[in-house]
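Peer 1: Could you look at this predicted model? Sequence included:
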Amino acid sequence: MGFWIQQGVIKESKPDTYEIVELNESSTSGGPTSSSVASRIAGGCEEEEEDGVNSDTEKDKREKDEQLFWNYVQGMLKNFESLPLERIHKMLQMFAMHDADMQIESGQLRHLLNAKVQSGLLTIEQGKYKLVKENT
């Protein structure tokens, strides 16, 4: 739902109640026209993949979010030296509990941490992630 709200296709009228943004609302705000709203609803995810601008924007947002999570993880591992995936995930959930956009699934976090292991920024020993010490 968050994607459609960001795109200006729907809006939350009451908690857990959504409605389609009318033509006059989106035209004045520079949002989509009624025909593009209808085509987005009908096309669903297929149109998202076809539109390079949307995918680039989504990719940029994902990279920005990953960098933010990585900054949190670095801080945790500087304080605790090494932590298992589950503990890192629980701590990230506590930091982000008030911001629905700042949630990360355990599988996504594992993917991010394993990418950092492959790039040489982290090591994993006995199921615990640890920062690689820099030679300075």
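Peer 2: All right, it came through fine.
Peer 1: can we go C-alpha only for contacts and neighbour counts from here?
Peer 2: Fine.
Peer 1: Now residue 124. Nearest residue, chain neighbours left out?
Peer 2: residue 130 (6.1 Å; Cα to Cα, 6 or more residues apart in numbering).
Peer 1: Which neighbours in the sheet does the helix or strand encompassing that neighbour have, and how are they oriented?
Peer 2: Take DSSP states H and E as the rule and residue 130 turns out to sit in strand 128-131. Sheet pairing for strand 128-131, assigned by DSSP bridges, gives strand 82-84 (antiparallel), strand 122-125 (antiparallel).
Peer 1: Switch these over to CSV; also include distance to residue 72, mean pLDDT and mean neighbour count.
Peer 2: Output for the strands paired with strand 128-131, formatted as CSV (distance: least, Cα to Cα, whole Å; pLDDT from 0 to 100; neighbours: other Cα atoms under 10 Å):
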stretch, distance to residue 72, mean pLDDT, mean neighbour count
strand 82-84, 13, 94, 17
strand 122-125, 14, 93, 17
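Peer 1: For this protein, give me the ranges with low pLDDT.
Peer 2: 1-7, 18, 22-54, 97-98, 100-101, 135-136 (pLDDT under 70).
Peer 1: Show me what the helix ranked longest in the chain is packed against.
Peer 2: Identified as the longest helix of the chain according to DSSP state H is helix 52-80. For helix 52-80, the packing partners by 3 or more Cα pairs under 8 Å, 6 or more residues apart in numbering; DSSP states H and E come out as helix 45-50, helix 85-95, strand 128-131.
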